[in-house]
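Engineer: Got a sequence here, can you model it:
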Amino acid sequence: MKSFVRISALLGAEILVMYAFFEMQNYLTNVWNLSFTHAAGILNFWNGISMVLPLLLLFVVDTITGNFAMLVLSSTAYTLGTVMVAISTPPLLANATGSCKQYEPHCLGRVQKTLFYAGMAFIAVGIAGHLVSLHPFLEEQQDRPSDAGHIQVGGYTLLVLLSLTGAIALPYIKPWSVRFGIPAICTALATLLYLTGWCKYDRGPRSRVPLSSVCRVFATTIPMWPAVIVCSMVSSIRNTYFVAQANHLNRRIGGREVPIQVLLLILSGANQVFAPLADKFLNARAPSTGLGVTMVLSVLCCVTAAKTERRRLDVVWSHSLVDKPDEDIPMTVYWLVFQFVLLAGVDSFFEKSVAKFCDGYDQSDGESLKKYLGYLNKGVCGVGFMCSALSVYVVGKISEKVGGRNWFEHTLNESRLDNYFWELACLSGASLVVLVFVGLCIKLIRRVCI
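Structural biologist: Numbers count the residues shown, from 1 in each chain. This is a model prediction of the structure:
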């Protein structure tokens, strides 16, 4: 077994976990009986932590561990986390804790909830560690002649098969314990497979970057933070409020119902379309121009989501489903495709704009510092995810004080999520205005100084 396939197995298991956890919003609302905003807040905070951690772990990799040891630690954390989340489902510990086996809130005790939160924390560490070290360590193995050709094809084929399994086969498994358990088993097997190459991997040298240089990088990104945080707040609604919208909508194509993960496949496909478009657009333009396009797409995405949510609410009201959150809604889920596609454009243009900004960083330790610049921006994105949870609380309190009714009730059918989407659209528009204003000011200052 070659190094490429061993390391690729970790990426394949991560993809399978991603598809399994795509419905975590529905798991927390349906099984834990949390309000949809409470569930979204948990997931956004968790996503935010997993995006902030890579900057710290990158410094650890460069100064202490290296990529190989970091992958050992992160893969172990990933395995522990997925196993703990799977075990936290009601049936698996029912006999040990004396609780029931049904997927109901009263069957979840303190032990199950503690395991769940601890497991999610371990998974956040695993995601961060993989993000920092998996691809760099994989690239360190590419110089080996024996790892070329059909070995690489086999590795990529494995990734595609696991993606299709996660998107198509896994959602048809109804018990949550099995749905979470299969990725946990695959993650454990991938980690063991990775460890079998302990003595066979190529291990590149660590690049030691002075802490003072990292601090200078930190200062260069401050002007971008408002736009980055707003874009992140919009991106955070993908796996939370968009998934909540899709729940209980009609997912049939012809006479066959497709899993909700088809929306994630559409998002991934749209990313593949927008990424080269963003590269071509930014080829001769400044990163700030790409951020401007990102904000325009963000406005369009939020407006589309608001219109779609209002349409969904109209159907809910007309069929008297406000007090029936578990009833199916006679509206096709494919109305959501437009907002998912636009969100893919937001993510692609934002990622490419930040990447070009990092490429323009030209100093003595430029190559090493570019990594920190990228992960610093990702950390700011994580702050944006956490700000999303805070904004929902603040907007809810303001709406209750001004209008006498909180926009965010316990269930989605009782809430006015469309109003929140309009608020995000206005925030994105305001960020675009600020971005243009700051750009003009900088341009004017340069002219005066020259």
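Engineer: I would like the residues contacting the strand ranked longest in the chain, please.
Structural biologist: Using DSSP state E, we find that the single longest strand of the chain is strand 329-332. Contacts with strand 329-332, where a contact means C-beta atoms under 8 Å, 6 or more residues apart in numbering, come from 248-252, 311-312, 315-316, 319, 321. C-beta: built from backbone N, CA, C; applies to glycine.
Engineer: one more time with 6 Å
Structural biologist: For strand 329-332, contacts defined as C-beta atoms under 6 Å, 6 or more residues apart in numbering pick out 248-250, 312, 315.
Engineer: Stretch 346-361 too?
Structural biologist: With C-beta under 6 Å, 6+ apart, stretch 346-361 has contacts from 231, 271, 274-275, 278-279, 282, 287, 290-291, 293-294, 297-298, 301, 370, 373-374, 377.
Engineer: again, 8 Å this time
Structural biologist: 217, 220, 224, 228, 231, 234-235, 271, 274-275, 277-279, 281-282, 287-291, 293-294, 297-298, 301, 369-370, 373-374, 377.
Engineer: Quick one, which of the residues you listed are buried?
Structural biologist: Neighbour counting with 16 or more other C-beta atoms under 10 Å marks 217, 224, 228, 231, 234-235, 271, 274-275, 278, 281-282, 287-291, 293-294, 297-298, 301, 369-370, 373-374, 377 as buried within the contacts of stretch 346-361.
Engineer: what residues are up against Val436?
Structural biologist: Gly292 are the contacts of Val436 under C-beta under 8 Å, 6+ apart.
Engineer: roughly how far out does stretch 125-142 sit from the chain middle?
Structural biologist: 17 Å (C-alpha atoms, centre = their mean, to the nearest Å).
Engineer: returning to what we had before: could you tell me which strands the longest strand of the chain is paired with, and in which direction each runs?
Structural biologist: Sheet pairing for strand 329-332, assigned by DSSP bridges, gives strand 249-250 (parallel).
Engineer: Quick check: buried residues in the helix or strand just after the longest strand of the chain?
Structural biologist: Downstream of strand 329-332, the next assigned helix or strand under DSSP states H and E is helix 337-359. Using 16+ other C-beta under 10 Å as the test for burial, helix 337-359 gives 337, 339-358.
Engineer: Out of the buried ones among the contacts of stretch 346-361, name the ones that lie in helices.
Structural biologist: Judged by DSSP state H, the subset of the buried ones among the contacts of stretch 346-361 located in helices is 217, 228, 231, 234-235, 271, 274-275, 278, 281, 287-291, 293-294, 297-298, 301, 369-370, 373-374, 377.
Engineer: Next, count neighbours for the residue nearest to Gly429 when sequence neighbours are not counted.
Structural biologist: Among residues not flanking Gly429 along the chain, Val299 sits closest, at 5.3 Å (C-beta to C-beta, 6 or more residues apart in numbering). Using other C-beta atoms under 10 Å, Val299 has 22 other residues around it.
Engineer: what's Val299 in contact with, if anything?
Structural biologist: 425, 428-429, 432.
Engineer: and if you look at Val228?
Structural biologist: Listed by C-beta under 8 Å, 6+ apart, the contact set of Val228 reads 350, 354, 377, 380-381, 384.
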